[in-house]
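1. no sequence on this one, just coordinates:
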């Protein structure tokens, strides 16, 4: 059984109580303490223990993301619900710029969705950002096709789109790239899940920074 | 098997494709067509078929909510993620005012959370609103304690807070009130779920309004 992360003053007492319930109920798992902090926050935000079996972390993804957050790298999100979900924790920690792809799009490029177009515009501007995708599989696919060729790589790609169309394909494509990534396998995911992953990383980065 | 709702021009083609997958996979259920339109949108937003067994509708809840949306009644949400999740569909349909309880709070009342305080303030101002609660069980409890005593009743209470602390209790309290309600039983729920319920109601209200 992994060590449980210590309570953080960044978390509301109710969140810590909720974490204690998850600690009691989760059962055996193979997460290291930092991975568990992320898994636990995702389960907290969904009340769905299935995420224990769906989360995947590439080697060094968490430590790289922590360092990037600490140096105030931008966080690019696909949709505004993810922005809302992280804005409070970002404001309490490193005040990273948050960029919303769908709002950065202007008009959609021919044959592309608005979020996909916006994601490509953001990637051109912030190639080393942290990318958190909770909704648009097209945005994740576009990033997976563009980023691995570039000199500068994203600090992290959070691949957590939800749904029934193109979602499995986009996640499979991400899995095949060398991009530093935290991925939710299967159809599940969503804005709350992507936000929970970012918020857990912010708490980890802040605790390390403060200690 | 229920009749499936017709495609709506309010939905992106990918959403309609996603609905078609859910129609094929959901299996037997007891929803009427309007209830199914809501359940299907919740499943679309979570990729979690368990919601089929968790949704509860009080008698007349959907028709009352549809009429209220059509007369542009305010929608009170507990947190800003729910607002973000409904803003686009509200703008495409009846442009109902959206009020976010946690932002309406000012300072928290003694012994109450910020969302609870904000919810009570909103209820005093908009007693006949539609209330959509995706996060804060304290806000749902406060509403359940205040509203049933009043002369004017909310048009609908969407009880979908998520989590491990006070969530079951708040939902059980809602179930015992005579308030017009759509409820998610158990620990599951969340901003995306509350928003999906509102968005499904907006589509139903708009289709009826246009036909």
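-> Great, that's in hand. Remember, it's a predicted structure, so these values are computed and weren't measured experimentally. Numbering: from 1, shown residues only, chains lettered A, B, ... in the order given.

2. Tell me how far the residue of chain A positioned farthest from its centre lies from chain B.
-> Here chain A reaches farthest from its C-alpha mean at residue A:110, the gap being 28.1 Å by Cα atoms, centre = their mean. Residue A:110 sits 17 Å away from chain B, going by Cβ to the nearest Cβ, to the nearest Å. In short, each C-beta sits where N, CA and C put it, glycine included.

3. just residue A:57 next, same as before
-> Distance check for residue A:57 against chain B: by Cβ to the nearest Cβ, it reads 21 Å.

4. neighbours around residue A:19, how many?
-> Residue A:19 sits with 22 neighbouring residues when counted by other Cβ atoms under 10 Å in any protein chain shown.

5. Packing partners of the strand or helix carrying residue A:118?
-> Assigned by DSSP states H and E, residue A:118 falls within helix A:114-125. Other elements packing on helix A:114-125 under the criterion 3 or more Cβ pairs under 8 Å, 6 or more residues apart in numbering or on different chains; DSSP states H and E are strand A:75-77, strand A:98-100, helix A:101-104, strand A:130-133, helix A:137-146.

6. picking that back up, and the pLDDT at the residue farthest from the centre of chain A?
-> pLDDT for residue A:110: 87.

7. I'd assumed residue A:43 was in contact with residue A:29.
-> No. Between residue A:29 and residue A:43 there is no contact, the gap being 10.7 Å when judged by Cβ atoms under 8 Å.

8. about what we covered before: go through the helices and strands packed on helix A:114-125 and pick out the most buried.
-> With neighbours defined as mean count of other Cβ atoms under 10 Å in any protein chain shown, the helices and strands packed on helix A:114-125 peak in mean count at strand A:75-77, which reaches a mean of 30.

9. Parallel or antiparallel, which strands does it pair with?
-> strand A:98-100 (parallel), strand A:130-133 (parallel) (DSSP bridges).

10. List the buried residues in the longest helix seen in chain A.
-> Scanning chain A for the longest helix, with DSSP state H as the assignment, gives helix A:191-210. By 16 or more other Cβ atoms under 10 Å in any protein chain shown, the buried positions in helix A:191-210 come out as A:191-207.

11. who's in contact with residue A:174?
-> Applying Cβ atoms under 8 Å, 6 or more residues apart in numbering or on different chains to residue A:174 gives the contacts A:140, A:144, A:157, A:159, A:181, A:183.

12. how about the residue most central in space within chain A, secondary structure?
-> Nearest residue to the geometric centre of chain A (Cα atoms, centre = their mean): residue A:158, 3.7 Å. For residue A:158, the secondary-structure state derived from DSSP: H, G, I helix; E, B strand; the rest coil is strand.

13. Bridging across strands, which residues link to the closest residue in space to it that isn't next to it in sequence?
-> Distance criterion Cβ to Cβ, 6 or more residues apart in numbering or on different chains; nearest residue to residue A:158, sequence neighbours excluded, is residue A:132 at 4.3 Å. Residues in a beta bridge with residue A:132, per DSSP bridges, are residue A:77, residue A:158.

14. ok, residue A:132 - contacts?
-> Going by Cβ under 8 Å, 6+ apart, the list of residues near residue A:132 reads A:75, A:76, A:77, A:78, A:82, A:86, A:158, A:160, A:194, A:195, A:197, A:198.

15. in terms of contact, does the first one touch residue A:90 like I think?
-> This points to residue A:75. Yes. When contacts are counted by Cβ under 8 Å, residue A:75 is listed as touching residue A:90 (7.0 Å).

16. So residue A:170 versus residue B:17, what's the distance?
-> 15 Å (Cβ to Cβ, to the nearest Å).

17. what about these two, which has more around it?
-> The residue with more neighbours, out of residue A:170 and residue B:17, is residue A:170; 23 against 15, by other Cβ under 10 Å.

18. just checking, that one touches residue A:157?
-> No. Using Cβ under 8 Å, residue A:170 is not in contact with residue A:157; the gap is 10.9 Å.

19. and chain A, which of its residues are near chain B?
-> Within chain A, the positions lying close to chain B (Cβ under 8 Å from any Cβ of the partner chain) are A:14, A:17-18, A:21-22, A:44-48, A:79-81, A:83-85, A:162-167, A:186-192, A:195.

20. got any ranges where chain A has weak pLDDT?
-> Where chain A drops to pLDDT under 70, the residues are A:1-4, A:211.

21. can you do 50?
-> A:1-2 (pLDDT under 50).

22. between residue A:75 and residue A:90, what contacts are shared?
-> Counting by Cβ under 8 Å, 6+ apart, the contacts common to residue A:75 and residue A:90 are A:96, A:98.

23. I'd like the distance from the helix or strand containing residue A:82 to the chain centre, please.
-> Residue A:82 belongs to helix A:80-92 when assigned by DSSP H and E. From the chain centre to the centre of helix A:80-92 is a distance of 12 Å (Cα atoms, centre = their mean, to the nearest Å).

24. which other helices and strands contact it?
-> With contacts taken as 3+ Cβ pairs under 8 Å, 6+ apart, helix A:80-92 sits against strand A:75-77, strand A:98-100, helix A:191-210, helix B:80-92, helix B:191-210.

25. Could I get the phi/psi values of the closest residue to residue A:168 other than its chain neighbours?
-> Closest residue to residue A:168 apart from its sequence neighbours, by Cβ to Cβ, 6+ apart: residue A:187 at 6.7 Å. Backbone dihedrals for residue A:187, given as degrees, to the nearest 10, come out at phi -80, psi -20.
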